[in-house]
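Trainee: Got a predicted structure here, sequence first:
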Amino acid sequence: MTESPLHKLVDAVADAVSDRKDRDRPLVPGAPGAEPPPVAEPTDPRAPLPPKRDQGAPAPVSATGRGGGGAADVRSQSGGYLTTAQGARLPDSDHSLKAGPRGPVLLQDHHLREKITHFDHERIPERVVHARGAAAHGVFRGYGTAAPVCKAAFLAEGVETPVFVRFSTVLGSRGSADTVRDTRGFATKFYTGQGVFDLVGNNIPVFFIQDAIKFPDVVHAAKPHPDREIPQAQSAHDTFWDFVSLHTEATHHTLWNMSDRGIPRSYRMMEGFGIHTFRLVNAEGASTLAKFHWKPRLGVHSLVWEEAQLIAGVDPDFHRRDLADAIEAGAFPQWELGIQTFPDTPEQTYQGIDLLDPTKIVPEELAPVQPIGLMTLNANPTNFFAETEQVAFHPGHLVPGIDITDDPLLSGRLFSYLDTQITRLGGPNFAQIPINRTHAPVNDMLRDGFHQDAVHSGVAPYKPNSLDGGCPFFAGTADHAFVEYPTPIAAAAKVREAPASFADHFSQPRLFWLSLTPVEQQHVIAAYTFELSKVHESAIRERMVGVLANIDPVLCAEVAAGLGLSAPEAAAAPVQVQPSPALSQLGSSWPADGRVVGIVANPAGGADLVRQVRDAVRGAGMTALIIAPTGAPLADDVPVQRTFAAARSVEFDALVLLGTPGPGADDHGARDAKSNGPSPVDSRVALLVNEAYRHAKPLGGHPAARATWSAAGIDPHAPGVLTSEDMDEVFAGIVGFLGTHRAWDRFPTPDARP
């Protein structure tokens with residue numbers, strides 16, 4: 001039978017595709033680029049790499065459908081040199097144009113403005129970064145202790161100021177999971193009587209970069225790869241580690257991100273930092289430099305990595321649910337606002353630490369954090385979009401008494417945040433959206449534009465005028481005007497440079513590493529090893545291990561061993577630093593308010609014991625969730641919140657077992673993949689308890705639960721495993737362990753410190 005032309009064409013295409021697949025198939029798919037990178041940063045100019053073999057592109061036709069010839073990559077970038085959008089070659093894209101290395105950033109920096117403006121407008125309508133968030137209303141009460149250094153009225157003793165706080169992840173989209181390893185945003189809007197003050201910070205006190213001109217670079221590197229849009233909300237990929245291994249000023253922030261700080265247990269258990277050094281001005285006009293800190297009343301606590309991964313699948317809304325549920329339950333989260341203060345000297349350094357470098361901290365042992373007020377979050381939003389999604393923060397929203405410094409990262413943020421809001425929220429009137437409205441009188445002479453809600457009167461929105469009676473008038477210092485502090489500026493040339501002190505990229509990461517406890521250090525080693533194991537290119541892994549050698553030899557050797565690499569020598573001998581115990585999350589005891597305790601009921605044992613433990617949990621300000629074989633109430637007043645099929649250990653901070661439940665009717669693999677088959681103990685309960693045990697969570701049980709300990713492979717005498725007929729005694733022990741967050745002694749750890 002003769003083949004038709006169509007069959008011949010199909011066969012030819014199939015043969016060609018088959019041949020190409022055999023010829024081009026990689027041993028391991030997922031290479032990020034068209035060719036492997038070298039270990040050292042390439043410096044010889046060359047043309048851009050071609051697309052990968054698996055990539056295609058739209059046909060190169062015009063907007064009106066004309067043409068169609070030419071190369072498929074005709075629209076891609078060309079030339080071997082970095083240029084502006086207009087094609088002018090650039091000698092530097094790491095430093096903003098400043099009046100001297102330590103001077104202010106200049107408005108005339110056209111490259112900075114072009115680069116940042118384009119970056120600000122890359123995403124619509126969600127935020128470019130911090131897209132995934134949750135928020136709450138609350139109140140801030142000043143202590144009055146800031147008066148010697150700051151005249152801001154909302155910090156005066158007893159003054160109560162409404163606030164709105166938004167917590168967020170940085171990298172993921174609005175639909176990503178909460179518990180990814182990432183930096184968290186901690187942004188607070190104070191509706192003060194002198195205008196809005198926005199304290200826009202993170203849960204990590206340092207930043208990836210020292211100059212805002214690098215912000216598009218670090219975010220482009222950390223975001224999903226642009227060809228596949230994966231991985232979502234993660235840093236465990238080639239482009240991120242390629243950037244941070246080459247741009248070593250990111251080392252300090254990256255180390256914090258690889259620590260437990262990158263996977264917080266809850267927004268309620270997270271520190272917040274203003275990151276930058278600000279200038280405070282008192283009533284006499286004297287200037288003091290300061291850093292802002294939020295200290296959570298519940299302490300700083302984190303998830304373990306496996307727990308975070310499980311939660312991302314079981315409950316990707318874990319953090320926003322936790323915040324909303326705690327407020328609804330009356331366990332209102334609280335933070336103290338504190339400041340570290342430093343003399344405003346011409347050098348703007350403290351104990352040898354450059355205060356304008358946002359990749360540096362000042363240890364609290366050198367400059368203690370002084371409490372200046374208390375914030376309580378006491379109400380959830382009524383409408384997520386109207387409030388959480390439309391709230392607009394800006395570091396330039398300042399009030400008298402709080403001013404900026406010449407930190408080059410802060411200078412760029414002052415431009416970027418405002419520019420971003422104009423795109424996201426439809427124009428220049430975003431301040432009129434209800435959640436953004438100031439509680440102070442406004443007479444700004446700004447007119448018209450998209451979404452103008454105000455109905456302005458008068459005919460003369462300009463100064464000077466006489467037609468509107470001269471109104472509005474300028475305020476003086478006595479009228480609480482915001483007057484910029486007259487900072488002296490030394491004579492200097494305009495340059496794209498950084499101060500020499502900015503070149504130290506490793507002493508503070510070493511300080512942070514040596515300040516961690518052994519268990520925290522083990523978590524850091526595991527995080528680096530996991531993340532770098534996900535990197536496709538061996539050269540990037542090798543390069544990053546070389547960076548770790550400059551932090552600490554033990555850290556470097558352990559990560560290298562996990563990756564199957566040799567540990568290189570450091571470029572220089574590690575610097576001698578004094579550890580800061582304040583940087584560790586461990587070592588203290590904290591309230592257990594709002595913690596979640598799972599009570600595993602044994603229906604055969606009746607409801608009385610369940611009721612007793614449940615009431616004790618609630619009486620301690622925690623949430624009790626009863627877990628049973630089915631959703632049927634154990635009694636009229638004892639409803640069941642979780643079934644054995646639905647419960648997973650990651651949603652509980654502790655478990656209490658009131659017996660050994662036999663296998664439920666659905667305890668079989670055909671119904672529930674968590675089931676391990678026939679057993680004297682329900683296999684889902686055994687898994688539940690085993691996971692909680694491995695995650696170092698406290699476990700309590702009635703003697704009737706001993707068979708469950710055995711089925712779960714648990715040592716009943718291990719730290720944090722409590723068994724007694726006196727359930728009040730068991731519960732008291734659990735509360736004690738929750739005060740330290742976990743039973744950390746359950747798993748002895750080698751000390752990674754030298």
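Mentor: Yep, it's here.
Trainee: Could you list the buried residues of stretch 340-353?
Mentor: Buried residues in stretch 340-353, counted by 16 or more other Cβ atoms under 10 Å: Gln340, Thr341, Phe342, Asp344, Gln348, Thr349, Tyr350, Ile353. From N, CA and C alone the C-beta is placed, and that goes for glycine too.
Trainee: So which of the residues you listed belong to strands?
Mentor: Among the buried residues of stretch 340-353, the members falling in strands are Gln340, Thr341, Phe342, Thr349, Tyr350, Ile353 (criterion: DSSP state E).
Trainee: wait, which of those residues is closest to Glu306?
Mentor: Proximity of those to Glu306 (Cβ to Cβ) peaks at Gln340, which lies at 35.5 Å.
Trainee: quick revisit: reformat the ones in strands among the buried residues of stretch 340-353 as TSV; add pLDDT and distance to Leu366.
Mentor: Formatted as TSV, these follow (pLDDT from 0 to 100; distance: Cβ to Cβ, whole Å):
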residue	pLDDT	distance to Leu366
Gln340	98	9
Thr341	98	12
Phe342	98	10
Thr349	97	12
Tyr350	98	7
Ile353	97	8
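Trainee: Quickly name whichever of those is closest to Leu398.
Mentor: Leu398 lies nearest to Thr341 out of those, by Cβ to Cβ, at 17.7 Å.
Trainee: what's the spacing between the closest one and Ala312?
Mentor: Distance, Thr341 to Ala312, by Cβ to Cβ, to the nearest Å: 40 Å.
Trainee: So what would you say the end-to-end distance of stretch 472-482 is?
Mentor: End-to-end distance of stretch 472-482 (Cα to Cα, to the nearest Å): 15 Å.
Trainee: what's it in contact with?
Mentor: Ala153, Gln194, Gly195, Leu398, Val399, Pro400, Asn443, Met445, Lys463, Val483 (Cβ atoms under 8 Å, 6 or more residues apart in numbering).
Trainee: And the pLDDT at the last one?
Mentor: This points to Val483. On the pLDDT scale, Val483 is placed at 87.
Trainee: quick one: buried residues of stretch 236-249?
Mentor: 236-249.
Trainee: Give me the next element, helix or strand, following the helix or strand that contains Cys556.
Mentor: Take DSSP states H and E as the rule and Cys556 turns out to sit in helix 553-563. As assigned by DSSP H and E, the chain's next helix or strand after helix 553-563 is strand 596-600.
Trainee: Report the mean confidence score over whichever helix or strand comes after that next one.
Mentor: Next along the chain after strand 596-600, taking DSSP H and E as the criterion, comes helix 608-619. If you average the pLDDT over helix 608-619, you get 93.
Trainee: re earlier: name the surrounding residues that touch the helix holding Cys556.
Mentor: Residues from elsewhere that reach helix 553-563 (Cβ under 8 Å, 6+ apart): 513, 521, 524-525, 528-529, 532-533, 541, 545, 548-549, 566-568, 570, 574, 752-754.
Trainee: among these, which ones are buried?
Mentor: Buried by 16+ other Cβ under 10 Å: 513, 521, 524-525, 528-529, 532, 541, 545, 548-549, 567-568, 570, 574, 752, out of the contacts of helix 553-563.
Trainee: and the two most separated of those?
Mentor: So, the buried ones among the contacts of helix 553-563 by Cβ to Cβ: farthest apart are Arg541 and Pro574, at 21.6 Å.
Trainee: residue boundaries of the helices in the stretch 101-250 of the chain?
Mentor: 110-120, 215-222, 238-246 (DSSP state H, counting those that start in this stretch).
Trainee: next one: the stretch 651-754 of the chain
Mentor: Using DSSP H, counting those that start in this stretch, the helices assigned to the stretch 651-754 of the chain run over residues 683-694, 706-711, 727-739.
Trainee: so what does the second one touch, helix or strand wise?
Mentor: The elements that helix 706-711 packs onto, with contact taken as 3 or more Cβ pairs under 8 Å, 6 or more residues apart in numbering; DSSP states H and E, are helix 683-694, strand 721-723.
Trainee: Adding distance to Ser93 and mean pLDDT, write the ones you listed out as TSV.
Mentor: Below are the helices and strands packed on helix 706-711 laid out as TSV (distance: least, Cβ to Cβ, whole Å; pLDDT from 0 to 100):
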stretch	distance to Ser93	mean pLDDT
helix 683-694	46	96
strand 721-723	56	95
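Trainee: Looking at the buried residues of stretch 340-353, which is nearest Gln612?
Mentor: Gln340 (47.1 Å).
Trainee: Can you check the pLDDT for Lys21?
Mentor: In this model, Lys21 is scored at 42, pLDDT.
Trainee: Same question for Val17.
Mentor: For Val17, pLDDT reads 42.
Trainee: sec struct for the nearest residue in space to Val577 that is not next to it in sequence, please.
Mentor: Nearest non-adjacent residue to Val577, counting by Cβ to Cβ, 6 or more residues apart in numbering: Leu511, 4.4 Å away. Using DSSP: H, G, I helix; E, B strand; the rest coil, the structure places Leu511 in helix.
Trainee: what's the distance between Leu511 and Ile353?
Mentor: 10 Å.
Trainee: Same question for Gln210.
Mentor: Taken as Cβ to Cβ, the span from Gln210 to Ile353 is 14 Å.
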